[in-house]
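[1] Predicted model and sequence below, questions to follow.
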Amino acid sequence: MESSNSEERDQIDRPPTPRQDEAASEPGTSSEAFQSDEWWRASAPESDWAQPVSNPTTEIGQRKEPGTADVYFCGRTNLFPLDLAIRAIGKENLTGLLRACWDQEPIDVLARDGEIVLATTRDPELYCPETLPILANVDPEVVANARDQQKENGTPFLLTLARNESIERQLALDLIRHQGQLLFSQLWSAPNVWIMFEKNADVLGGFGDVTGDPDVDDWSLETLRLVQNPEQPIGFDPASIPSYTREGFDRVQKLKLTSDEAQFGSQFNGARSVQQIAKNLRLDLKSARQLLFRFVALEIVECWPGSTTAKPEPKAGMGRLFGRGR
């Protein structure tokens, strides 16, 4: 009891320590510590395509300020397929940049109000490895300068040549569309591609003179036609049975199918195998594989393992339902 009384007297006699002194004496309460509490406000680091270039009006992916990116979706294609990303652009009327990162230079797809404007990359050799006949009469130095500009800001060198009237404009726009689709077609067979869409209206500021493709499904199908040696995501088994997905049958009727694609799609009835379909249409398995790859990549059709017991085929055909074939 005496000890307790003495401690109480000491506390009474000793003046209280100011709170600011206590805060100064406690470890970890410096100004740096208070600043560290704001870690959640730090802006995201800028990527390489956010750096300023000589021509900012046509910079692919340039942002106004650091940390202003509005990422709408992202993921890897093993969980977030390319077709789903392209369809989201059209369904949500998105404007911005779809970036695909793989083992080569990233590929950028520009979209405006749900339309695909163009696909490009900062590697001119990846974009157009061949010498185009349209460049035969163009000064090589002018072409080289246009390619250098593509390395800096991603603007297709064909568009730069068209703007300075080195090549005919309409022909250049047709080539820009084709080269962009040819470039994007390489992603369909690439494994585990990382994709990200950033909503950013400013990225389209320098491309008002380029019209977009209004139907994203048809744009995707055209890129799939350019795939030479497709790799089936689930493997190619001639005994497998293709069947329409829940929304696939409605979507396929809106596509601009070729006659071969329409005939091939009319054979899907949930009972015929790929081998049987190829036999009915007198196709070799390589051609059947390429056609099937397009339907599977668009998530219109899914393949089921073939069973040992043959199933009766429905009598009603579906060929007449494909009214948009060409």
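    Nice, thanks for sending it over.
[2] OK, contacts around Leu94?
    With contact taken as C-beta atoms under 8 Å, 6 or more residues apart in numbering, Leu94 is in contact with 72, 88, 111, 114, 197, 199. In short, each C-beta sits where N, CA and C put it, glycine included.
[3] Repeat that for Ile86.
    Shown here is Ile86, whose contacts under the criterion C-beta under 8 Å, 6+ apart are 98, 109, 116, 216-217, 219-220.
[4] What ranges in the stretch 101-250 of the chain fall below the confidence cut-off?
    Scanning the stretch 101-250 of the chain with the threshold set as pLDDT under 70 gives 231-235.
[5] Okay, strands next: where are they in it?
    Under the criterion DSSP state E, counting those that start in this stretch, the stretch 101-250 of the chain carries strands at the ranges 107-112, 115-121, 194-199, 241-244.
[6] Save those strands as TSV, and put in distance to Gln276 and mean neighbour count too.
    Output for the strands of the stretch 101-250 of the chain, formatted as TSV (distance: least, C-beta to C-beta, whole Å; neighbours: other C-beta atoms under 10 Å):
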stretch	distance to Gln276	mean neighbour count
strand 107-112	37	24
strand 115-121	36	24
strand 194-199	36	19
strand 241-244	9	20
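[7] can you put these in JSON lines and add distance to Gly265?
    Written out in JSON lines, the entries for these read as follows (distance: least, C-beta to C-beta, whole Å):
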{"stretch": "strand 107-112", "distance to Gly265": "26"}
{"stretch": "strand 115-121", "distance to Gly265": "23"}
{"stretch": "strand 194-199", "distance to Gly265": "27"}
{"stretch": "strand 241-244", "distance to Gly265": "9"}
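[8] Nearest approach to Arg225 belongs to which of these?
    Each of the strands of the stretch 101-250 of the chain was checked against Arg225 via C-beta to C-beta, and the shortest separation belongs to strand 115-121, namely 15.0 Å.
[9] what's the offset of the closest one from the middle of its chain?
    10 Å (C-alpha atoms, centre = their mean, to the nearest Å).
[10] cool, stretch 236-243 as well?
    Relative to the chain's own centre, stretch 236-243 is displaced by 28 Å; criterion: C-alpha atoms, centre = their mean.
[11] can you check stretch 116-135 too?
    With C-alpha atoms, centre = their mean as the basis, stretch 116-135 stands 18 Å off its chain's centre.
[12] Just the buried residues of it, please?
    Residues 116-124, 127-128, 134-135 are the ones in stretch 116-135 that count as buried (16 or more other C-beta atoms under 10 Å).
[13] likewise stretch 238-254?
    Buried-residue list, stretch 238-254, by 16+ other C-beta under 10 Å: 238, 240-245, 248-249, 252.
[14] coming back round to it: which of the contacts of Leu94 lies closest to Cys303?
    Within those, the smallest distance to Cys303 is 24.1 Å, found for Ala88 (C-beta to C-beta).
[15] Enumerate every residue touching the closest one.
    Counting by C-beta under 8 Å, 6+ apart, Ala88 touches 72-73, 94, 197.
[16] how about those residues in a markdown table, adding distance to Leu173?
    Putting the contacts of Ala88 into a markdown table (distance: C-beta to C-beta, whole Å) gives the following:
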| residue | distance to Leu173 |
| --- | --- |
| Tyr72 | 27 |
| Phe73 | 29 |
| Leu94 | 22 |
| Phe197 | 24 |
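[17] Could you identify the most distant pair in the residues you listed?
    In the contacts of Ala88, two members sit farther apart than any others by C-beta to C-beta. They are Phe73 and Leu94, at 9.5 Å.
[18] so what's in contact with those two at the same time?
    Taking C-beta under 8 Å, 6+ apart as the contact definition, Phe73 and Leu94 share the neighbouring residues 88, 197.
[19] Could I get the full set of helices for this protein?
    Chain-ordered helices for the chain, with DSSP state H as the definition, fall at 2-13, 19-25, 31-36, 82-91, 124-127, 140-153, 157-163, 169-185, 216-224, 248-252, 259-265, 274-281, 285-297.
[20] Figure out which of those helices is closest to Asp103.
    Nearest to Asp103 among the helices of the chain is helix 124-127 (11.2 Å), distances taken as C-beta to C-beta.
[21] Please name the bridge partners of the residue nearest to Thr245 when sequence neighbours are not counted.
    Once flanking residues are discounted, Thr245 sits nearest to Glu302: 5.7 Å by C-beta to C-beta, 6 or more residues apart in numbering. With DSSP bridges applied, Glu302 shows beta-bridge pairing to Ser243.
[22] how close does Glu302 sit to Leu226?
    From Glu302 over to Leu226 the distance is 23 Å, taken as C-beta to C-beta, to the nearest Å.
[23] Also Arg169?
    Counting by C-beta to C-beta, the gap from Arg169 to Leu226 is 24 Å.
[24] Equivalent analysis for Pro133, please.
    Using C-beta to C-beta, one obtains 19 Å as the distance from Pro133 to Leu226.
[25] now swap in Thr155 and tell me
    Thr155 sits at a distance of 22 Å from Leu226 (criterion: C-beta to C-beta).
[26] Neighbour count for the two, which is higher?
    Just comparing Thr155 and Leu226: by other C-beta atoms under 10 Å the higher neighbour count belongs to Thr155, 24 against 14.
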